[in-house]
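Visitor: Next one to model:
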Amino acid sequence: MRVALLTFGGYGFYPQFLIKGLLGGSDDVTVFAPRQLEETLGRILGGWKDRVRYFHMPRMRYPSNLWMVRRLVEQIERIKPDVVHITGYYPWMYFGLRRLSKYPLVLTVHDPEKHSGDTENKVVPGSYEWCYKYATRVVVMGEEMKKIVIDGGVMGGSSVDVIPHGNYHDFLHWSDPTIKEQENTVLFFGRIWKYKGLEYLVDAEPMIRKEIPDVRFVIAGKGSAQYLQSIRNRMVHPEAFRFMNEYVSDNMVARLYQQASLVVLPYVDGTQSGPLLLAYSFGKPVVVTNVGSLPEYVDDGRTGYVVPARNPEALADRIVRLLKDGNARRGMGEAGFRMSSGKLSWQTLTGEYSNVYERARAGVGN
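Guide: So this is what the prediction gives:
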């Protein structure tokens, strides 16, 4: 089957890893990607890099995006695809969807609703709802996300497929065997925005410190300076925290995960999480809240723990439990790695995408 896969970047490394998986699969895939991804894709794809066609993506506010979309559509039409697959959301692409709708169209939706406090994306007009009416099938990364799409009334359940987020094993390329786990180190990694619930981790710190006096917290990722300051203001023991409010390079990401005892995701809303898949890829257990599809990625008690959102007491209890029991902690980390190597491997997931392409071409769900 001939597939045209279009990405505009964003959403962490998901598009790059998906592209690698699809190019290694059974379908004939041609990738269209912004030139900003050329260096990363060149490293990840190796011998498949010639199957990517790059385009210049203007700044979001520039009307020249209309010309870019027109040229993209023309290039896709030239390869006469059996299916067009768009992963991610780019508002200007809406103006090309009607013309592309003559092909079966698969749309991967990463976040069917915006996160609280995410001012970065408030400047982007519209939403996925603009695109749903042209999609033959929509792919989301969890059952809770599927409910959001269906409850919105824009897609029927028979047209929505669930394919989880895949692993981050490519990041093991940057791992260093000389770097060892640092005792009692809790890692929070990712964008620092209000929906991440970082204040509840800060509120849990005194309870954790009471049981683990030398506990330390590493908070790494770019985000809102205003929100971060509000977090600092509520700290009881600021010396227990190390903040890296900056872009974190890939090799530093690997170092932070190697050094961590566990990874915590105290989100108050959300859908899925790249930092969670990074934790599994580095063999680290997780403590996550029961929001969005996060619990669907955790075998509670085996790969980590799921706790109620906005509950620092529950968060502290599970973190202390893991820090005190090294054997259980390492066992959960190993179980997470096995999960990421099995049902969350890109070989498995891209096989599921091939099935979605077949359903889209057959018009199933329409």
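Visitor: what helices or strands is the helix or strand where V306 lies leaning on?
Guide: Element membership for V306, per DSSP states H and E: strand 304-307. When contacts are defined as 3 or more CB pairs under 8 Å, 6 or more residues apart in numbering; DSSP states H and E, strand 304-307 packs onto strand 286-289, helix 312-324. Bear in mind the C-beta positions are built from the backbone N, C-alpha and C, glycine included.
Visitor: Out of these, indicate the one that is most buried.
Guide: Among the helices and strands packed on strand 304-307, strand 286-289 has the highest mean neighbour count (mean count of other CB atoms under 10 Å), at a mean of 27.
Visitor: Show residues contacting that one.
Guide: Contact partners of strand 286-289, identified using CB atoms under 8 Å, 6 or more residues apart in numbering, comprise 197, 262-268, 273, 276, 279-280, 294-295, 297-298, 303-311, 315, 318-319, 322, 336.
Visitor: which among these end up buried?
Guide: Buried positions within these, assessed by neighbour count (16 or more other CB atoms under 10 Å), are 197, 262-268, 273, 276, 279-280, 294-295, 297-298, 303-307, 309-311, 315, 318-319, 322, 336.
Visitor: ranges for the helices of this protein?
Guide: For the chain, the helices defined by DSSP state H cover 14-23, 38-45, 65-78, 94-100, 129-132, 143-151, 198-211, 225-233, 250-259, 274-281, 312-324, 326-341, 346-361.
Visitor: Centre-most residue in the protein?
Guide: Centroid-nearest residue in the chain: G274, 3.6 Å away (criterion: CA atoms, centre = their mean).
Visitor: Based on its surroundings, how many neighbours for the nearest residue to V52 once chain neighbours are set aside?
Guide: Excluding its sequence neighbours, the residue lying closest to V52 (CB to CB, 6 or more residues apart in numbering) is V31, at 4.4 Å. Residues near V31, counting by other CB atoms under 10 Å, number 25.
Visitor: re the thing from before, quick one: contacts for the residue nearest to the centre of the chain?
Guide: Per CB under 8 Å, 6+ apart, neighbours of G274: 11-14, 165, 168, 190.
Visitor: Then G333?
Guide: Neighbours of G333 in contact, by CB under 8 Å, 6+ apart: 282-285.
Visitor: In terms of pLDDT, where does the residue nearest to it when sequence neighbours are not counted sit?
Guide: Nearest non-adjacent residue to G333, counting by CB to CB, 6+ apart: G283, 4.1 Å away. Per-residue pLDDT puts G283 at 98.
Visitor: My guess is G283 contacts F337. True?
Guide: Yes: judged on CB atoms under 8 Å, G283 makes contact with F337 at a distance of 4.4 Å.
Visitor: for the helices of the chain, which one ends up most surrounded?
Guide: Using mean count of other CB under 10 Å, the stretch among these with the largest mean neighbour count is helix 274-281, at a mean of 26.
Visitor: Tell me where the model's unsure across the protein.
Guide: For the chain, applying pLDDT under 70 flags the ranges 114-130, 153-156, 364-366.
Visitor: ok, back up a step: identify whichever of the helices of the chain lies nearest to T87.
Guide: For the helices of the chain, the distance to T87 is smallest for helix 14-23, at 5.6 Å, taking CB to CB.
Visitor: Going by contacts, tell me the helices and strands next to that closest one.
Guide: When contacts are defined as 3+ CB pairs under 8 Å, 6+ apart, helix 14-23 sits against strand 2-7, strand 28-34, helix 38-45, strand 83-87, helix 346-361.
Visitor: quick check: angle from it to strand 83-87?
Guide: 150 degrees (axes from the mean of the first three to the mean of the last three CA atoms, to 10 degrees).
Visitor: what sits up against helix 14-23?
Guide: Here helix 14-23 has contacts from 3, 5, 7, 9, 29, 31, 33, 37, 40-41, 44-45, 48, 51-52, 87-88, 108, 110, 165-168, 170, 274, 346-347, 349-350, 353, using CB under 8 Å, 6+ apart.
Visitor: wait, isn't I163 in contact with M141?
Guide: Yes: assessed by CB under 8 Å, I163 is found in contact with M141 at 6.7 Å.
Visitor: Comparing these two, which residue is more hemmed in?
Guide: The neighbour count for I163 versus M141, taken as other CB under 10 Å, is higher for M141 (26 against 19).
Visitor: Could you find the closest non-adjacent residue to the more buried one?
Guide: Spatial nearest neighbour of M141, chain neighbours left out: Q272 (4.4 Å); criterion: CB to CB, 6+ apart.
Visitor: And that neighbour, how close does it get to S293?
Guide: Counting by CB to CB, to the nearest Å, the gap between Q272 and S293 amounts to 5 Å.
Visitor: who touches both of those two?
Guide: Once CB under 8 Å, 6+ apart is applied, the residues that Q272 and S293 both contact turn out to be 141-142, 145.
Visitor: okay if I get these as JSON lines plus distance to V73?
Guide: Shown next, in JSON lines, are the shared contacts of Q272 and S293 (distance: CB to CB, whole Å):
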{"residue": "M141", "distance to V73": "27"}
{"residue": "G142", "distance to V73": "31"}
{"residue": "M145", "distance to V73": "28"}
